[in-house]
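Enquirer: next come a sequence and a model predicted from it.
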Amino acid sequence: MGPDGARGARFAHILCKPAGDLLKYRYLSRRSLLPLKRSAEELSFAFSELLAQPLSRPEAAARFETLWNEVNDAAQSCDDSDAAFTYIALLHSMDQRWRFLRSMN
């Protein structure tokens, strides 16, 4: 039997499992790749740490954009409007502090 035949025989047992089991494992593996949504306080702390780090302008800008996108995604995924407003207030604060920092340098 060639390598392809052996490989096919090795994975043949997967097709015998019930469809529900396959979907369960696929769901768990996809979910484990997604990061958990951080709270507004955690993201605010991460932003404060970013401002305190001695980074080059391009690296700091890239990290700011990544953090900005994370806060924005968290705000959009909120079911509760109060929680969404907390993230939106954080975005406003981040914008103001980032602009002030860029003008100082």
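Expert: Yep, that arrived. Residues are numbered from 1 along each chain as shown.
Enquirer: now the helices for the protein?
Expert: Along the chain, the stretches classed as helices by DSSP state H are 3-10, 19-33, 40-52, 57-76, 81-104.
Enquirer: worst average pLDDT in these?
Expert: The minimum mean pLDDT among the helices of the chain belongs to helix 19-33 (a mean of 46).
Enquirer: domain parsing for the chain?
Expert: 3-33, 40-104 (automatic domain parsing).
Enquirer: can you tell me which residues contact residue 91?
Expert: 68, 71-72, 75 (C-beta atoms under 8 Å, 6 or more residues apart in numbering). C-beta: built from backbone N, CA, C; applies to glycine.
Enquirer: closest one of those residues to residue 98?
Expert: Distance to residue 98 across the contacts of residue 91 (C-beta to C-beta) is lowest for residue 68, with 8.5 Å.
Enquirer: so what's the closest residue to that closest one other than its chain neighbours up against?
Expert: What sits nearest to residue 68 in space, not counting adjacent residues and going by C-beta to C-beta, 6 or more residues apart in numbering, is residue 94, at 6.5 Å. Going by C-beta under 8 Å, 6+ apart, residue 94 touches 47, 64, 67-68, 71.
Enquirer: do the same with residue 77
Expert: residue 37.
Enquirer: local confidence estimate at it?
Expert: For residue 77, pLDDT reads 91.
Enquirer: how close does it get to residue 90?
Expert: Distance of residue 77 to residue 90, computed by C-beta to C-beta, to the nearest Å: 14 Å.
Enquirer: swap in residue 57?
Expert: Distance from residue 57 to residue 90, by C-beta to C-beta: 23 Å.
Enquirer: and the two? Which one has more around it.
Expert: residue 90 (22 against 9; other C-beta atoms under 10 Å).
Enquirer: OK, contacts around the more buried one?
Expert: Counting by C-beta under 8 Å, 6+ apart, residue 90 touches 40, 43-44, 47, 71.
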